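Novice: Model the following, please.
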Amino acid sequence: MYGYLCRWLKIPFFWESQTVGWCLLLLTAFLYLLNRIDHRQALQKQVIGEKLGLAMIGFFALIISIVWVALAQSDAYAAAKRAIGRSLAVRQEIGSLQDVFIRPTGQLNIQSSAEGKSGQASLYLVAKGDKEFRDIRADLSKLPTDSAWVLRRINFL
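Specialist: Numbering: from 1, shown residues only. Prediction:
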């Protein structure tokens, strides 16, 4: 909710507000369940549901963190960041690019063969410019004959 409100009200305080909002929501739910466990244990009641909720939140946070780190350290992300910085369409839309933030969503497919590595990537990014920030989907591909990822399309979301 926080992220959507920041974007709707055009508050650029946290330009990666959607991701920050989801992290705050998970943290709040986690702390609420911890508090509820303490309260129910003081009353000597069962806390199996709350512990299951904590496990689910922890598992979800772990998976998202792994995906986030893997995408952020990929060659496809580095290529998308460079290409977005050079894109005339991006400069016209948001002004001079200041930073790019990767959201923990998207896909990255890599296949290895005798000819080399190939793949496709669709990354969801937040580009911050001096005028505004925008959500972007960058579609990239890599052929076995290519030495680097090639940006195929940029979509403003």
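Novice: Every contact and neighbour count from this point should use C-alpha atoms.
Specialist: OK.
Novice: Residue 40 and residue 60: what is the separation?
Specialist: To residue 60, residue 40 is 24 Å away according to Cα to Cα, to the nearest Å.
Novice: Helices of this structure, start to end?
Specialist: Per DSSP state H, the chain carries helices over the ranges 2-8, 17-42, 48-72, 75-86, 88-94.
Novice: For the last one, C-alpha coordinates in CSV please.
Specialist: This file holds the C-alpha atoms of helix 88-94, laid out as CSV (Å, rounded to 0.1, in the frame of the first residue of the first chain):
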residue,chain,number,x,y,z
LEU,A,88,17.4,8.3,-25.8
ALA,A,89,13.8,7.3,-24.9
VAL,A,90,14.7,6.9,-21.3
ARG,A,91,16.4,10.3,-21.2
GLN,A,92,13.4,11.9,-22.8
GLU,A,93,11.0,10.3,-20.3
ILE,A,94,12.9,10.7,-17.0
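Novice: Work out the gap between that helix and the centre of the chain.
Specialist: Distance, stretch centre to chain centre, for helix 88-94: 21 Å (Cα atoms, centre = their mean, to the nearest Å).
Novice: Right, I'll call it a day here.
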